[in-house]
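Student: okay, structure incoming, though there's no sequence with it:
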């Protein structure tokens, strides 16, 4: 007797489909929940800083968090900087100082980052294309030596830099700050650019040399345009690191070359911390970095992931 094949009913088919979907959805939901939690933890300090700039002393001490629910926003923090709507048109010494510190940060960060990208690109190109030998070290050892400079705590360099800058008359100057920032971010630039140059086929440069280009010509006309996304990413990361640097800015400057991080830390007085003023300065200081991250995100991602797949 021939057996009749079993055909699942519509309800059984929907139950089976739902069980398969639930098995796949459960890990995804857990991943999204973890990402949302991590995003909340990462963004909460920024939210707290921005909202604190619109609080009064009572709201700060009582820990009110939600505007228009826990507290009514006030311009006290921005008024102390001369940046509130009712003080923006009036003369303000604090606002003039803030603008001066702001431009100091721009000059020091952009100047050091540009110098680091120029020097680091040349060093990274040499490590990527030519074999070197110094004592027992080869190219990989030299690259790791550059990266190992980040292990050294900045406080160890405090006394040597003070003595050196005093004799070179670089204390409280933007030139001195640019030089020390360049040394600070140079290892990161070298590693990023070395990975960029490693992904560029050597045959392109060989073809350029056959066509009559010199080594410098092949580097400038062929290699650099291809590695430009990596250079942009290295420049942006260097600007962010230099912009947020506090230790050397506080150590090597006194009045003329102070930057925004030093001004933020100076809001501590004999009567305590002016949280609203500190939050207002910090908010104004992080806004340029937020805008850089929003508008130049694709360049950062493209530059950092260019060497991920070979």
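Tutor: Happy to help now that I have it. Predicted, not measured: the structure shown is a model, and the values here were computed from it.

Student: so what's residue 263 up against?
Tutor: Residues in contact with residue 263 (CB atoms under 8 Å, 6 or more residues apart in numbering) are 97, 98, 101, 281. Every C-beta, even on glycine, is put in place using the N, C-alpha and C of the backbone.

Student: now the second one. Nearest residue, chain neighbours left out?
Tutor: This means residue 98. What sits nearest to residue 98 in space, not counting adjacent residues and going by CB to CB, 6 or more residues apart in numbering, is residue 81, at 5.6 Å.

Student: for the residue nearest to residue 171 when sequence neighbours are not counted, give me its contacts.
Tutor: Excluding the flanking residues, the one nearest residue 171 by CB to CB, 6+ apart is residue 165, at 4.9 Å. Taking CB under 8 Å, 6+ apart, we find residue 165 in contact with 171, 176, 252.

Student: just checking, the last one touches residue 171?
Tutor: Spelled out, that is residue 252. Yes - assessed by CB atoms under 8 Å, residue 252 is found in contact with residue 171 at 6.0 Å.

Student: and the two? Which one has more around it.
Tutor: Neighbour totals were compared for residue 252 and residue 171, and residue 252 leads with 22 against 19 (other CB atoms under 10 Å).

Student: pLDDT below threshold where in the chain?
Tutor: Flagging of the chain using pLDDT under 70 yields the residue ranges 1-25, 269-271, 300, 302-310.

Student: give me the most central residue, it.
Tutor: Nearest to the geometric centre of the chain sits residue 240, at 3.6 Å (CA atoms, centre = their mean).

Student: which helix or strand contains that one?
Tutor: Using DSSP states H and E, residue 240 sits within helix 224-243.

Student: distance of residue 196 relative to residue 169?
Tutor: Per CB to CB, to the nearest Å, residue 196 is found 37 Å from residue 169.

Student: compare the two (neighbour count), which wins?
Tutor: The neighbour count for residue 196 versus residue 169, taken as other CB under 10 Å, is higher for residue 196 (26 against 10).

Student: ok, back up a step: which phi and psi does the residue nearest to residue 98 have?
Tutor: Dihedral pair for residue 81: phi -100, psi -10, per degrees, to the nearest 10.

Student: name the nearest residue to residue 237, ignoring sequence neighbours.
Tutor: Spatial nearest neighbour of residue 237, excluding adjacent residues (CB to CB, 6+ apart): residue 188 at 6.5 Å.

Student: hmm, residue 150 and the one you found touching each other?
Tutor: Yes - counting by CB under 8 Å, residue 150 is a contact partner of residue 188 at 7.5 Å.

Student: more neighbours: the two, which one.
Tutor: Neighbours were counted for residue 188 and for residue 150 using other CB under 10 Å; residue 188 has more, 19 against 12.

Student: overlap in contacts of residue 252 and residue 171?
Tutor: Going by CB under 8 Å, 6+ apart, residues that sit against residue 252 and also against residue 171 are 162, 165.

Student: can you give me phi and psi for the nearest residue to residue 92 once chain neighbours are set aside?
Tutor: Leaving aside its chain neighbours, residue 92 sits nearest to residue 82 (2.8 Å; criterion: CB to CB, 6+ apart). For residue 82, the backbone dihedrals (degrees, to the nearest 10) come out as phi 80, psi 20.
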